[in-house]
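**Student:** From the sequence below, what's the structure:
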Amino acid sequence: MARDVNEVIERAIYGTPETKPGERRLFLTTILERIHVALTLKQVQTSAPYEKVTHVMKTESNLHLYLNGNLGYQAYADYMQAANQNGIPFTVVTPHQETPFGLVLANTSTPVHVSDPFIKDALHEQDIKNF
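**Tutor:** Numbering: from 1, shown residues only. Below you'll find the predicted structure:
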């Protein structure tokens with residue numbers, strides 16, 4: 001009983017404990033084990049959406065799209081439209097700390113078994129190197 005009271009008091013003071021806060025700051029409020037695909041800021045700003053992102057939107061279920069609010073609307077508008085067409089909810093997250101990621105497409109509640117959720121091209125390397 002005493003432990004329960006202490007937990008209630010601590011939650012009232014400090015809020016609910018968050019799992020993996022460093023990962024959540026890096027990946028726009030989600031964690032690595034749930035990510036299907038993640039794009040860096042420069043990758044999101046390219047003129048055409050990445051095919052892998054739209055393919056995952058069409059083939060997987062229980063998804064949520066997280067977009068970096070520090071980017072302009074034009075940068076991620078095509079991804080928002082694709083999410084709407086596929087019935088995928090999205091959240092525009094304004095990170096409080098710097099992150100190289102501009103888009104994260106993740107499962108809402110369970111881990112996924114993706115060996116490498118990053119599209120490693122020249123733009124990816126630039127953003128990761130500068131971070």
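**Student:** quick one, helices of this structure?
**Tutor:** Using DSSP state H, the helices of the chain run over residues 2-14, 21-26, 41-44, 51-59, 73-85, 122-130.
**Student:** For the protein, give me the ranges with low pLDDT.
**Tutor:** 1-3 (pLDDT under 70).
**Student:** Next one: the spatially most central residue of the chain from residue 4, what distance?
**Tutor:** Residue closest to the average C-alpha location in the chain (Cα atoms, centre = their mean): residue 104, at 3.1 Å. Counting by Cβ to Cβ, to the nearest Å, the gap from residue 104 to residue 4 is 35 Å. For glycine as for every other residue, the C-beta is placed from the backbone atoms N, C-alpha and C.
**Student:** same deal with residue 105?
**Tutor:** From residue 105 to residue 4 the distance is 38 Å (Cβ to Cβ).
**Student:** what's the answer for residue 121, then?
**Tutor:** In terms of Cβ to Cβ, residue 121 sits 51 Å off from residue 4.
**Student:** Same drill for these two, tell me which one is more crowded.
**Tutor:** residue 121 (14 against 8; other Cβ atoms under 10 Å).
**Student:** residues contacting the closest residue to residue 78 other than its chain neighbours?
**Tutor:** Sequence neighbours aside, residue 49 is the residue nearest to residue 78 in space, at 4.6 Å (criterion: Cβ to Cβ, 6 or more residues apart in numbering). For residue 49, the contacting residues are 78, 79, 82, by Cβ atoms under 8 Å, 6 or more residues apart in numbering.
**Student:** List just the one of the helices of the chain that sits closest to residue 65.
**Tutor:** helix 73-85 (4.7 Å; Cβ to Cβ).
**Student:** Could you double-check that residue 71 sits in contact with residue 44?
**Tutor:** Yes. The pair residue 71 / residue 44 is scored as a contact, 6.0 Å apart, by Cβ atoms under 8 Å.
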